[in-house]
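K.L.:
Return atomic coordinates for the entry below.
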Amino acid sequence: MKIVVIGGTGLIGSKLVRNLKRLGHEVIAASPSTGVNTLTGEGLKEALKGANVVVDVSNSPSFEENEVLKFFEVSTINLIDEEKQAGVSHHVALSVVGTDLLPDSGYFRAKLAQENLIKASKIPYTIVRATQFFEFLKSIAESGISENSIHLPSAFIQPIASEDVASALLEVALEKPVNGTLEIAGPERFTLSDLVEEYLKATNDPRTVVHDNNAPYYGAKLSQNTLVPQKKANLGAINFKNWLKAYKMSQKED
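P.N.:
Reported below is the predicted structural model:
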């Protein structure tokens, strides 16, 4: 089977490409660095020629409100147009749990626009909504900096390891389209502020976390359950303790 992974050189994409190749599939790791750009259309037609499945795990290089919307709308339209020409039979897209619950966030509005374009395309599809990745805990902490401390709400979060995301996407890519949305999450639930506080302690970061329910999350105010699955989710196998152990080992190797 020929499978094209859009964003195939990134955090999730590179793992998915590796796993698919191990199973013997013909895989194209499509990204600007490999000559495929969904925003401009460069190399897209050639990459999709003969493809059975497309998995889109790409992300916007900018989170500025107008730029991120442009990226997901234009990229998705270009991708869908070429998929129709190529006869692609399954479009898989990675999205975010809570996408339809945070209209105040420009990023989440852009992801919802992407989802709606996919649903309207008439190409068989599966949208996989994932909870936040463990790998982004550092950037979450940075987003909450206020003077000398980090302000974060005590909303629930159920983070997932990138390896588990890649494994879930592999299974979806090899199955029939569901023409709907699936949710995946990590095996444990925390409050956002507690988890970041634990992460900072484990990585010897001296900054203080302030539990502040008025603090925004990437520009949007959270309710208690915005970032956790709204329905039954498929759960990853890697818990925080094991992810953190592997993460710290990788930092020593670097």
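K.L.:
C-alpha only now, for contacts and for neighbours.
P.N.:
Fine.
K.L.:
what about this protein, any weak spots by pLDDT?
P.N.:
For the chain, the stretches flagged by pLDDT under 70 are 253-254.
K.L.:
Mind jotting down where the strands sit in it?
P.N.:
In the chain, the segments counted as strands under DSSP state E are 2-6, 26-30, 53-56, 90-96, 125-130, 145-146, 149-152, 156-157, 180-185, 190-191, 208-211, 234-235.
K.L.:
which ones are touching Thr126?
P.N.:
Counting by C-alpha atoms under 8 Å, 6 or more residues apart in numbering, Thr126 touches His90, His91, Val92, Ala93, Val172, Pro177, Val178, Asn179, Gly180, Thr181, Leu182.
K.L.:
what about 10 Å?
P.N.:
Shown in contact with Thr126 (C-alpha atoms under 10 Å, 6 or more residues apart in numbering): 55, 90-94, 115, 118-119, 169, 172-173, 175-182.
K.L.:
Give me the nearest residue to it, chain neighbours excluded.
P.N.:
Nearest non-adjacent residue to Thr126, counting by C-alpha to C-alpha, 6 or more residues apart in numbering: Val92, 4.9 Å away.
K.L.:
The one you found against Pro124, yeah?
P.N.:
Yes - at 8.8 Å, Val92 counts as touching Pro124 under the criterion of C-alpha atoms under 10 Å.
K.L.:
So for those two, which residue has more residues nearby?
P.N.:
Applying other C-alpha atoms under 10 Å to Val92 and Pro124 shows that Val92 carries more neighbours, namely 25 against 18.
K.L.:
ok, the residue nearest to Ser167 when sequence neighbours are not counted - contacts?
P.N.:
Using C-alpha to C-alpha, 6+ apart and skipping the chain neighbours, the partner closest in space to Ser167 is Leu16 (7.1 Å). Leu16 makes contact with 5, 8-10, 22, 27, 29, 55, 57, 162-163, 165-170, 173, according to C-alpha under 10 Å, 6+ apart.
K.L.:
Go again with 8 Å.
P.N.:
Counting by C-alpha under 8 Å, 6+ apart, the residues that Leu16 touches are Val5, Gly8, Ala166, Ser167, Leu169, Leu170.
K.L.:
ok, those residues vs Leu244, which is closest?
P.N.:
Nearest to Leu244 out of these is Ala166 (C-alpha to C-alpha; 18.0 Å).
K.L.:
distance of the closest one from Val210?
P.N.:
As for Ala166, its distance to Val210 is 33 Å (criterion: C-alpha to C-alpha, to the nearest Å).
K.L.:
And Val196, by the same measure?
P.N.:
According to C-alpha to C-alpha, Val196 stands 10 Å off from Val210.
K.L.:
ditto for Thr9
P.N.:
From Thr9 over to Val210 the distance is 36 Å, taken as C-alpha to C-alpha.
K.L.:
same question, His91
P.N.:
Relative to Val210, and taking C-alpha to C-alpha, His91 is found at 42 Å.
K.L.:
more crowded one of these two?
P.N.:
Higher neighbour count among His91 and Val210: His91, with 24 against 19, using other C-alpha under 10 Å.
K.L.:
partners of the more buried one in the sheet?
P.N.:
His91 forms beta bridges with Val54, Tyr125, as assigned by DSSP bridges.
K.L.:
I figured it hits Tyr125, correct?
P.N.:
Yes - taking contacts as C-alpha atoms under 8 Å, His91 lies within contact range of Tyr125: 4.5 Å.
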